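Asks: Below are the sequence and a predicted model for it; my questions follow.
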Amino acid sequence: MNKPTDQEIFDQARAYLLSFPAVTEAILNQQLAFPEQNRPRTKSDLFRRMIEHARNRQGMPNAIGETDRLSPFLENFDADAVFVKYQRWEDLFDTIKRHYKPPGRMESSNPHNFWVIFCKSILSIAKYLRRFATIQDFDRYAGQFITDNPDIRLALPLILKEEIFGYQFALACDFVKENISPDFVKPDVHIKAIFLGIGKSPQGASDYQIFRDVVAFANSVGQTPYAVDKLFWLIGSGDFYLNKVKVPTNRRVFIDRINRLQQGGA
């Protein structure tokens, strides 16, 4: 019994998504292409994008609202000026509360309040970015980690996780994947479920191990890790957001299909 190759699994994933009438080759390929327009062009753009990712966790966007509306309190997203102006997260929190009515409640005494977490994240991002005078400095720094060695590549999101309050490993990976390089993946719930479900990662694998396994899979099929990440994420979510298309995918159906192939079934 011959198990399906990585290429056959990749082709099956594409075929599954293309089986939905609303999904065309063009729509799918657009989703799998790295969004070059997301690359920060200035340091202030980098600051803004990192802030946007800091709120990219369940429930937080609804409490925070649009980050662009915070521009007046963040010196038009000038990281150095923000670092100088606000000595403590409470200072930023109080300034926003005085001049802005957000969609979610602001409770400074509650450490789990999204606004408390968000303000701490913003100041830690500003502090982190002070080491880079320009966006070119950051690009050169990040470029050191984009190598064929997965251990070196993994170091960048691991550093961001330690430097930025609220950035866990998966969120740090997501920021780099969506804004800096297509050579990264986000080990999110859909990716993990599929890789564990079809046996491409061992049961109990950490996010760290899932990252390595997805990158290895991408290398074996000649695709960017970004493309593989998006392909399996789409199987889990059905959300072709670039075209405002939503289809009723089911990752369990896909996992079962691959496992039948693993067992020699049709």
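Replies: Sure, I can see it.

Asks: Tell me how far the residue nearest the centre of the chain lies from Gly222.
Replies: Geometric centre of the chain, nearest residue: Asp174, 1.7 Å, by CA atoms, centre = their mean. With distances taken as CB to CB, to the nearest Å, Asp174 is found 23 Å from Gly222. Where C-beta positions appear, they are placed from N, C-alpha and C, glycine not excepted.

Asks: same thing with Asp94?
Replies: Separation of Asp94 from Gly222 (CB to CB) stands at 53 Å.

Asks: Of these two, give the one with the bigger neighbour count.
Replies: A direct count of neighbours by other CB atoms under 10 Å for Asp94 and Gly222 places Asp94 higher, at 15 against 10.

Asks: so what's that one up against?
Replies: Asp94 makes contact with Ser108, according to CB atoms under 8 Å, 6 or more residues apart in numbering.

Asks: run the last query once more with 10 Å
Replies: Contacts were defined as CB atoms under 10 Å, 6 or more residues apart in numbering; by that measure Asp94 touches Tyr86, Arg88, Met106, Ser108, Cys119.

Asks: In TSV: these, plus secondary structure.
Replies: Below are those laid out as TSV (DSSP: H, G, I helix; E, B strand; the rest coil):
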residue	secondary structure
Tyr86	coil
Arg88	coil
Met106	coil
Ser108	coil
Cys119	helix
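
Asks: So which of these wins on neighbours?
Replies: With neighbours taken as other CB under 10 Å, the top of these is Cys119, carrying 27 neighbours.

Asks: these two touch, right, it and Thr95?
Replies: Yes - applying CB atoms under 10 Å as the test, Cys119 and Thr95 come out as touching, 9.4 Å apart.

Asks: shared neighbours of the two, which are they?
Replies: The contact lists of Cys119 and Thr95 share Phe73, Tyr86, where a contact means CB under 10 Å, 6+ apart.

Asks: Nearest residue to Pro40 in space, please, no chain neighbours.
Replies: Once flanking residues are discounted, Pro40 sits nearest to Leu46: 3.8 Å by CB to CB, 6 or more residues apart in numbering.

Asks: now do Thr147
Replies: Per CB to CB, 6+ apart, closest to Thr147 is Arg153, 6.2 Å.

Asks: Please settle this for me: is the one you found part of a helix?
Replies: Yes - under three-state DSSP, Arg153 sits within a helix.

Asks: could you measure it against Asn110, distance?
Replies: Distance from Arg153 to Asn110, by CB to CB: 37 Å.

Asks: So between those two, which is more surrounded?
Replies: Arg153 (20 against 12).
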